[in-house]
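K.L.:
compute the structure for the input listed below.
(one chain, ligands or ions: 1)
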Amino acid sequence: MSLRTHLPLFNKTETPFYFYDLALLKETLHAIKKAAPKEYHIHYALKANANPTLLSYIQQARFGADCVSGNEIKQAISSGFSPEKIVFAGVGKSDKEIEYALAQPIFCFNVESIHELQIINELAAKQQVTASVALRINPNVDAYTHKYITTGLEENKFGINPYEFDAIVQEIPSLKHIQVIGLHFHIGSQITELAPFKKLCLKINELNKWFTQKGLDIRHINVGGGLGINYQEPDKEALVNFESYFSVFKQFLTLAPNQEVHFELGRSVVGPCGSLISRVLYIKKGLNTNFAILDAGMTDLIRPALYQAYHKIENVSAVLSEPLVRYDVVGPICESSDCFGKAVMLPQTQRGDMIAIRSAGAYGEVMSSNYNLREKTKSVFVE
Ligand SMILES: *Cc1c(COP(=O)(O)O)cnc(C)c1O
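P.N.:
Now for the predicted structure:
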């Protein structure tokens, strides 16, 4: 449904705010469940958006959770996710976070280094429990995405590298409070081609075989997340093609009969259903361009400033038949990078117009800050 239909709601709401289309979220959750075979376990990556309203919908669809901090685990549990469906990843888990996760207990720690494995073993010994872990392997697969969101290459801080495999396999039997139950992978984010996922599958097949031969009982393969969304044309492709995504794994992942597959989807679950809605405060005429100055800024949505991310920008109020004019769409923050889009073609725009910054449901609200002592970004939902 066009955002224009919600203009009366936008006009009477204090801006800026995140607008979430819960019908689209529901449709997305349904599409994922329909496309995924029964033996595929889907964890929602809370770091994409931890808004409690969204979490309650995702939890009701019986997804598990992928958490990267103790507080995300707390938030997942308080939103109704069951601890036995929670995986805990991250290169720098603190002792306090590990102790908390052990006490739940959660399904699995995704462990990123030999040193971390030793520390989890010590902390589990203190609680007299055994920690279930998956080894996060750096598969050295290039996801061809932005360098800040590529995670599966060797020079990355994430995961255990091939040159450490022998050492870790030797170490594991001495760690009495660790049970290795899986292998974990994640090659990056906003991946819109399926080829990197195919490459990942082929790499996993090799590694699965190697670790099994070394005597590890690999019960699950966690392939991570990273499926991208269409930022260019959000209305044309509001739903990601989950069928073709899962079919890559069905086709190329070779599993032993008892092995499960786990996924950690973030962006593709919540990205399309959110827009940042903002009012135009001022129009400033430049020599070569005009500036549309919004009441939303990088404190509400940092992706463009942080990694030159593209978001489609629409003037929801303007008359569509107006000739298009070129604007740099910027926020009010005292930073030059506080810019949502350069040379954006919009219908003639004026003070008070409602601007929608689309596809902002993932890594938007959750990354907002109160820099400049700005108000916390609000959220509005429609069914
Ligand atoms: C960020 C992250 C995810 C989710 O990634 P999306 O691109 O949002 O699907 C999944 N797993 C791990 C380990 C991550 O770091």
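
K.L.:
secondary structure class for Y327?
P.N.:
Three-state assignment for Y327 (DSSP: H, G, I helix; E, B strand; the rest coil): strand.

K.L.:
got it, and S132?
P.N.:
strand.

K.L.:
how's this structure carved up into domains?
P.N.:
Listed by automatic domain parsing, the domain ranges of the chain are 22-271, 272-382.

K.L.:
of those domains, give the one that comes closest to the ligand.
P.N.:
domain 22-271 (2.5 Å; Cβ to the nearest ligand atom). Placement of C-beta: from N, CA and C, glycine included.

K.L.:
low-confidence regions, the stretch 1-150 of the chain specifically.
P.N.:
By pLDDT under 70, the low-scoring segments of the stretch 1-150 of the chain are 1, 143-150.

K.L.:
contacting residues around G64?
P.N.:
Residues near G64 by Cβ atoms under 8 Å, 6 or more residues apart in numbering: 41-44, 81-82, 85-87, 107, 262.

K.L.:
residue contacts, P304?
P.N.:
By Cβ under 8 Å, 6+ apart, P304 lies in contact with 298, 310-311, 337, 339-341.

K.L.:
pipe those into TSV and attach pLDDT and secondary structure per row.
P.N.:
Below are the contacts of P304 laid out as TSV (pLDDT from 0 to 100; DSSP: H, G, I helix; E, B strand; the rest coil):
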residue	pLDDT	secondary structure
M298	98	coil
Y310	98	coil
H311	98	coil
S337	95	coil
C339	98	strand
F340	98	strand
G341	97	strand
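
K.L.:
now, of the residues you listed, which are buried?
P.N.:
298, 311, 339-341 (16 or more other Cβ atoms under 10 Å).

K.L.:
closest one of those to D66?
P.N.:
H311 (24.0 Å; Cβ to Cβ).

K.L.:
now that closest one. Nearest residue, chain neighbours left out?
P.N.:
Once flanking residues are discounted, H311 sits nearest to I357: 4.9 Å by Cβ to Cβ, 6 or more residues apart in numbering.

K.L.:
how about Y40?
P.N.:
Spatial nearest neighbour of Y40, chain neighbours left out: V261 (5.2 Å); criterion: Cβ to Cβ, 6+ apart.

K.L.:
the helix or strand where that neighbour lies pairs with which strands, parallel or anti?
P.N.:
For V261, the element it lies in under DSSP states H and E is strand 260-265. Take DSSP bridges as the rule and strand 260-265 pairs in its sheet with strand 40-45 (parallel), strand 220-222 (parallel).

K.L.:
adding mean neighbour count, write those strands out as a markdown table.
P.N.:
Rendered in a markdown table, the data for the strands paired with strand 260-265 read as follows (neighbours: other Cβ atoms under 10 Å):
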| stretch | mean neighbour count |
| --- | --- |
| strand 40-45 | 24 |
| strand 220-222 | 23 |
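
K.L.:
distance to K214 added to those strands, as CSV?
P.N.:
Putting those into CSV (distance: least, Cβ to Cβ, whole Å) gives the following:
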stretch, distance to K214
strand 40-45, 25
strand 220-222, 16
